[in-house]
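Asker: heads up, no residue letters with this:
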């Protein structure tokens, strides 16, 4: 019963809310995390430790983390853009810090005003800082290579750069590395090629795929990633967040569509589909102005789904 | 230039319009077919030879076929529900007749008030009729197994029934056989399993996959089908048609999303993406009341797409 085949890491409270103009009340965020953990999701990226004046949505980050840490068995992750964010994340007590590093120079400059190699140096400082902590206080450190499959600013991205930076992250001290299709440029053939190329260099340090559904290929890309040995997939409930560059376009892969697909394929996620759809309804009610995506919520579960389980 | 890897069979003028309440004027249908053929689509299912009083949308079927036949190089297909439809299709001069046979008893009864085996007998009568025609007047005969992956009425479908009926279609005289996920129940694992099982029995007579995107898995299922050796995929421009059983839910796999994915993967379709998106805009203008689906039209093509070609 406790065995799972694919780990879902819910990033909605971070990646979803990051692109949602409306501030979600702290109590609603807590209720979301509680409900989604109760549905069986074992890891949630609950916030971003960016400066609150840059993204006011995360001004309550420490309070949200404190709540998430009270949920038994939940891995509490947070995004950090720099060493300062890592210090705040450690002070809050998160289990996992996720650091994004844009492979594309244009995206990196526009996002953090640094080159990819300057970001790699920042990542090294974070890893060095974490090594000064006693083991029980040291969160896991994850490096995520953003725009690994293409960039709205620079267009195509050199795959050798992705491999080089993945190796750089591991050498700097990453516990694990993920590849992110930040703007929905990836296709299944590219996913297979690039995950395989990175795995050849860093082996099982490559754990995760962060996929977007911008052009509708999210689930096809997820299957391709699984076929290369990936076991952890990021997704966002209701595809919340969208893409700031393309009004109406989808954002992250939709959690409930992804879980449905995996479970239908016989891959265990440990997640209860009915409960998960209930969480979506809860979040829709809490964010009346936000745009939700996904097909399953409209079509409903197929007749007989889960009957064999 | 003329080599292609995957054949797209556009079914929008048939499957899309079948579920669209608004009558599309005959001239708009003709303009759609002309424009989509000009974008590089080589096969279009242009109508259904059902009794016009059942589906008034197709009351102009013969006129639409006559127009489509004037387009050089275009394979003109039509759906036929019975021998009477086949006779009309032959009289109109179509190149290919597609006959749907529901694997699920419930769907078959509700659709045509016949059992699957009664439909198989009807298919045999059609094949026998076609054999009486001189070779130049004989269209290809295609059998499509509907609800092959599950049914909104009966739920799960016995895979052995799919295999048995596929063999039955070939024995009756089908030139080719396709499997259809009529209501969006399929998942990639099931697609691989079932296409492989059917191919084991009927070999290269198994040519096509007719997939729906009801639960968002359309493109993932398409990739899975291609991996089993399928070379022809049905799709509908703008996912037109939706699903009569699930308001707001998608219908057929979206042609432009599918072609984008294939071309991005390096699989040649012979279709010009920009022109195809232009056809979508044309159809949106011609059907102001209809619901369109698909991600690409909202997100746009990625920067640098097609530059390498």
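Answerer: In hand now; what should we look at? Here the structure is a predicted model, which is why all the values come from computation and not from measurement.
Asker: next one: the nearest residue to residue A:208 once chain neighbours are set aside from residue A:154, what distance?
Answerer: Of all residues not flanking residue A:208 in the chain, residue A:178 sits nearest, at 3.3 Å (Cβ to Cβ, 6 or more residues apart in numbering or on different chains). C-betas here are computed from N, CA, C, even on glycine. The spacing between residue A:178 and residue A:154, counted by Cβ to Cβ, to the nearest Å, is 20 Å.
Asker: more neighbours: the two, which one.
Answerer: For the pair residue A:178 and residue A:154, the greater number of neighbours falls to residue A:178 (28 against 19), based on other Cβ atoms under 10 Å in any protein chain shown.
Asker: I'd guessed residue A:264 sits against residue B:187; true?
Answerer: Yes: applying Cβ atoms under 8 Å as the test, residue A:264 and residue B:187 come out as touching, 3.9 Å apart.
Asker: these two: which has the busier surroundings?
Answerer: Regarding residue A:264 and residue B:187, a neighbour count based on other Cβ under 10 Å identifies residue B:187 as having more, with 27 against 22.
Asker: show me what the helix or strand hosting residue A:284 is packed against.
Answerer: Secondary structure assignment for residue A:284, by DSSP states H and E: helix A:273-286. Counting contacts by 3 or more Cβ pairs under 8 Å, 6 or more residues apart in numbering or on different chains; DSSP states H and E, helix A:273-286 packs against helix A:26-38, helix A:255-264, helix A:296-299.
Asker: before we move on, the earlier item: does the residue nearest to residue A:208 touch residue A:142 like I think?
Answerer: Yes: applying Cβ under 8 Å as the test, residue A:178 and residue A:142 come out as touching, 6.5 Å apart.
Asker: find residues that contact each of these two.
Answerer: Common neighbours of residue A:178 and residue A:142, using Cβ atoms under 8 Å, 6 or more residues apart in numbering or on different chains, are A:207-208.
Asker: straight-line length of stretch A:167-186, end to end?
Answerer: 21 Å (Cα to Cα, to the nearest Å).
Asker: list the buried residues for the helix holding residue A:284?
Answerer: A:273, A:276-277, A:279-280, A:282-283, A:286 (16 or more other Cβ atoms under 10 Å in any protein chain shown).
Asker: gap between it and the chain center?
Answerer: Distance of helix A:273-286 from its chain centroid, counting by Cα atoms, centre = their mean, to the nearest Å, is 19 Å.
Asker: of all the helices and strands packed on helix A:273-286, which one is nearest residue A:234?
Answerer: Nearest to residue A:234 among the helices and strands packed on helix A:273-286 is helix A:255-264 (9.2 Å), distances taken as Cβ to Cβ.
Asker: which outside residues touch the closest one?
Answerer: The contact list for helix A:255-264 (Cβ under 8 Å, 6+ apart) reads A:5-6, A:8, A:10, A:12, A:41, A:218-219, A:222-223, A:233, A:235-239, A:268-269, A:271, A:273, A:276-277, A:280, A:294-297, A:301-302, A:305-306, A:309, B:187-190, B:215-217, B:220.
Asker: now stretch A:296-306
Answerer: Residues outside stretch A:296-306 that contact it (Cβ under 8 Å, 6+ apart): A:238, A:254, A:256-257, A:260, A:263-264, A:273-274, A:277, A:280, B:150-156, B:183-185, B:214-216, B:243, B:246-250.
Asker: report the contact partners of residue A:213.
Answerer: The contact partners of residue A:213, by Cβ under 8 Å, 6+ apart, come to A:184, A:219, A:239, A:250-254, A:293, B:295.
Asker: let's see it at 10 Å
Answerer: By Cβ atoms under 10 Å, 6 or more residues apart in numbering or on different chains, the contact set of residue A:213 is A:181, A:184, A:219-222, A:235-236, A:239, A:243, A:249-254, A:257-258, A:293-294, B:216, B:219, B:295, B:299.
Asker: in helices only, show me these.
Answerer: A:219-222, A:257-258, B:219, B:299 (DSSP state H).
Asker: which among these gets closest to residue B:164?
Answerer: Checking the ones in helices among the contacts of residue A:213 against residue B:164 with Cβ to Cβ, the nearest one is residue B:219 at 29.2 Å.
Asker: count of neighbours near the closest one?
Answerer: Around residue B:219 sit 31 other residues, with neighbours defined as other Cβ under 10 Å.
Asker: just give the nearest non-adjacent residue to it, would you?
Answerer: residue A:220 (4.4 Å).
Asker: do residue A:102 as well
Answerer: Using Cβ to Cβ, 6+ apart, the closest residue to residue A:102 is residue A:108 (3.7 Å).
Asker: pretty sure that neighbour sits in a helix.
Answerer: Yes: counting by DSSP: H, G, I helix; E, B strand; the rest coil, residue A:108 is located in a helix.
Asker: if we can go back for a sec, mark which of the contacts of helix A:255-264 are buried, thanks.
Answerer: A:6, A:8, A:10, A:12, A:41, A:218-219, A:222-223, A:233, A:235-239, A:269, A:271, A:273, A:276-277, A:280, A:294-297, A:301-302, A:305, B:187-190, B:215-217, B:220.
Asker: residue A:113: neighbour count?
Answerer: 8.
Asker: give me phi/psi at it?
Answerer: Torsion angles at residue A:113 (phi, psi; degrees, to the nearest 10) stand at phi 60, psi 40.
Asker: ok so, going back, isn't the residue nearest to residue B:219 right up against residue B:223?
Answerer: Yes: counting by Cβ atoms under 10 Å, residue B:223 is a contact partner of residue A:220 at 5.0 Å.
Asker: report the set of residues contacting both of those two.
Answerer: With Cβ under 10 Å, 6+ apart, residue A:220 and residue B:223 have common neighbours A:187-188, B:188, B:261, B:265.
Asker: how far away from the center of its chain is stretch A:192-211?
Answerer: 16 Å.
Asker: report pLDDT for residue A:218.
Answerer: Residue A:218 is assigned 98 on the pLDDT scale.
Asker: with adjacent residues omitted, what lies nearest to residue A:166?
Answerer: According to Cβ to Cβ, 6+ apart, the nearest residue to residue A:166 is residue A:198 (4.7 Å).
Asker: got phi/psi on that neighbour?
Answerer: When read as degrees, to the nearest 10, the backbone of residue A:198 gives phi -70, psi -40.
Asker: quick one: it and residue A:208 touch, right?
Answerer: No: using Cβ under 10 Å, residue A:198 is not in contact with residue A:208; the gap is 11.3 Å.
Asker: okay, the two: which has more neighbours?
Answerer: residue A:198 (25 against 22).
Asker: isn't residue A:89 up against residue A:77?
Answerer: Yes: assessed by Cβ under 10 Å, residue A:89 is found in contact with residue A:77 at 9.2 Å.
Asker: okay, and the common contacts of these two?
Answerer: Any residue near both residue A:89 and residue A:77 by Cβ under 10 Å, 6+ apart counts here, and that gives A:47, A:65, A:95-98, A:139.
Asker: which stretches of the stretch 51-200 of chain A form strands?
Answerer: With strands called from DSSP state E, counting those that start in this stretch, the stretch 51-200 of chain A shows them at A:75-79, A:96-102, A:140-146, A:176-180.
Asker: where does the prediction get shaky in the stretch 101-250 of chain A?
Answerer: Across the stretch 101-250 of chain A, residues meeting the criterion (pLDDT under 70) sit at A:242-249.
Asker: that older thread, if burial is judged by neighbour count, which of the contacts of stretch A:296-306 pass?
Answerer: Looks like those have A:238, A:254, A:256-257, A:260, A:263-264, A:273, A:277, A:280, B:150-154, B:156, B:183-185, B:214-216, B:243, B:246, B:249-250 buried, using 16+ other Cβ under 10 Å.
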